[in-house]
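J.: have a look; sequence and predicted model below, questions after that.
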Amino acid sequence: MRGRVIMTELKNRIMKAETIVVKVGTSTITHANGSMDYHVMDKLVRVLADLRSDGKNIVLVTSGAIGVGRFRMHMTERPSSLPQKQALAAIGQVSLMHIYSKLLSEYDQIAAQVLITRDVVDVELKKQNTYNTFCTLLDYGVIPIVNENDTVATEEIEPYFGDNDTLSAVVAELIEADLLILLSDIEGLYDKNPKCHEDANLIPVIYDVCGQVIDGVGDTNNSFGTGGMKTKIEAAQICSRAGIPVIITSGDDPDHIYEILEGKDVGTLFVPHKER
Ligand code: ADP
């Protein structure tokens, strides 16, 4: 009974969410060869632009820069050295921003590029500066598009460190977002990796991501993504402690975002530990 009350209250909060961070993974916005999937990007941008027009504050955290850089440089092999990955991220980031900005302007919205490192929250002055920038951009009605500054930081591009999952949680906490949506190439968190196990079942709700032992969580198994479910769970833990609900769902159909905001059951919902 109590679980049902909590869920109803949480769904109400989600439906009223004003500030929403959406993170999109590499595997969602790029094809297998690393080129941008314009069709998915366009659908995603249209939904985000529409929500912005409806008065929501939207922040997009995007991955994909290394894959796009690799495609632009006609590299078939995955780069092994860190400087190569950093250089490819710098190349791909320009192309990604170009397309996001172009698509958003078609829907009459303005994009801003925010490149940050996760340690911005560890130093009070940096944290305040970053917070101020986000607040001002959102006041302007602009959509900040965030990525890690891969030239100076390497956490996100080192294997298994994150693919921006935890960065998106840090941003959500910093700007006191009402909701974090992680768009991936999969419907949500399963009890085991469905790419390897046909009998895997979707887990619709995780009530205690910080306390519960979650089995069957694996890494990515595509050559561009880096995080897999491990880093998504870490992101959900950060948000749980900050009182922010997190939903993992498939980015193939960005209309899922509307369904989430209508209170429908979509993907995997992580119930926050703390009340806001
Ligand atoms: P993204 O680029 O969207 O961040 P990732 O490739 O990093 O995506 O992570 C999603 C992948 O995680 C899935 O495609 C799947 O292969 C893998 N995975 C491992 N364990 C699980 C699990 N328990 N449930 C769902 N996906 C899982």
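T.: Right, received. Where do you want to start? Numbers count the residues shown, from 1 in each chain.
J.: can we go C-alpha only for contacts and neighbour counts from here?
T.: Fine.
J.: the stretch 51-200 of the chain: strands as residue ranges?
T.: Remark: strands assigned in the stretch 51-200 of the chain by DSSP state E, counting those that start in this stretch are 57-62, 111-116, 143-148, 179-184.
J.: kindly export the first one (C-alpha atoms) in CSV.
T.: Translated: strand 57-62. C-alpha atoms of strand 57-62 as CSV (Å, rounded to 0.1, in the frame of the first residue of the first chain):
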residue,chain,number,x,y,z
ASN,A,57,14.0,23.8,-18.8
ILE,A,58,15.8,21.3,-20.9
VAL,A,59,19.5,20.2,-20.7
LEU,A,60,20.8,17.7,-23.1
VAL,A,61,23.9,15.7,-22.2
THR,A,62,25.2,14.0,-25.3
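J.: and stretch 92-99, how far from the chain's centre?
T.: Using C-alpha atoms, centre = their mean, to the nearest Å, the mean C-alpha position of stretch 92-99 is found 17 Å from that of the whole chain.
J.: and it, which residues are buried?
T.: 92-93, 95-97, 99 (16 or more other C-alpha atoms under 10 Å).
J.: ranges for the helices of this structure?
T.: 2-15, 26-29, 38-53, 65-72, 82-106, 124-139, 165-174, 228-242, 256-261 (DSSP state H).
J.: ok so, going back, got the buried residues of stretch 92-99 as JSON lines, with distance to the ligand and pLDDT columns?
T.: Shown next, in JSON lines, are the buried residues of stretch 92-99 (distance: C-alpha to the nearest ligand atom, whole Å; pLDDT from 0 to 100):
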{"residue": "92", "distance to the ligand": "15", "pLDDT": "95"}
{"residue": "93", "distance to the ligand": "16", "pLDDT": "96"}
{"residue": "95", "distance to the ligand": "18", "pLDDT": "97"}
{"residue": "96", "distance to the ligand": "15", "pLDDT": "97"}
{"residue": "97", "distance to the ligand": "18", "pLDDT": "98"}
{"residue": "99", "distance to the ligand": "18", "pLDDT": "98"}
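J.: ok, these vs residue 182, which is closest?
T.: For the buried residues of stretch 92-99, the residue nearest residue 182 by C-alpha to C-alpha is residue 96; the value is 18.3 Å.
J.: low pLDDT regions in the stretch 1-150 of the chain?
T.: Within the stretch 1-150 of the chain, the stretches with pLDDT under 70 are 1-3, 5.
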